[in-house]
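A.B. asks: Need a 3D model of the sequence below.
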Amino acid sequence: MIQIVIRNLSQKTYEQLKMIANKNKTSINKTIIALLHKSLGIDDTTKKIRDLSDIAGKWSEDEFNEFMTNIKVLDAIVMLFYDF
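C.D. replies: Sure, this is the predicted structure:
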């Protein structure tokens, strides 16, 4: 990662950055990066998705619907044994 230093930042600008950072519960550094990305039109939604789909696969919508239909029988069995 590249690091930069911002010199001669006014107190008013710093206070604004600090206010935005506090509002978003993030650091001033992350706030500055987000503001730079926004002003430059850079998409900042490239966060890594943490799931197992790349190794475990994904269900299609039809597979999901079939699964949900099939487990309805289990719901009926559970209702017989437990008082919900």
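A.B. asks: just for the protein, where's the confidence low?
C.D. replies: Filtered on pLDDT under 70, the chain yields the residue ranges 44-50, 83-84.
A.B. asks: Swap in 50 and give it another go.
C.D. replies: Within the chain, no stretch has pLDDT under 50.
A.B. asks: Do a quick rundown of the helices in it.
C.D. replies: 11-23, 28-40, 53-56, 61-70, 72-81 (DSSP state H).
A.B. asks: Looking at these, spot the one closest to M1.
C.D. replies: Among these, helix 28-40 comes nearest to M1, with 10.1 Å by C-beta to C-beta. For the C-beta atoms, the positions are set from N, CA and C on the backbone; glycine is no exception.
A.B. asks: which strands and helices sit next to the closest one?
C.D. replies: helix 11-23 (3 or more C-beta pairs under 8 Å, 6 or more residues apart in numbering; DSSP states H and E).
A.B. asks: With only the CA atoms kept, save the helix it packs on in CSV.
C.D. replies: Taking only C-alpha atoms (Å, rounded to 0.1, in the frame of the first residue of the first chain), the coordinates of helix 11-23 have been written out as CSV:
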residue,chain,number,x,y,z
GLN,A,11,-8.4,22.7,11.7
LYS,A,12,-11.9,23.1,10.3
THR,A,13,-11.2,20.4,7.7
TYR,A,14,-9.7,18.1,10.3
GLU,A,15,-12.8,18.6,12.6
GLN,A,16,-15.1,17.8,9.7
LEU,A,17,-13.2,14.6,9.0
LYS,A,18,-13.2,13.7,12.6
MET,A,19,-17.0,14.2,12.8
ILE,A,20,-17.6,12.0,9.8
ALA,A,21,-15.3,9.3,11.1
ASN,A,22,-17.1,9.3,14.5
LYS,A,23,-20.5,9.3,12.9
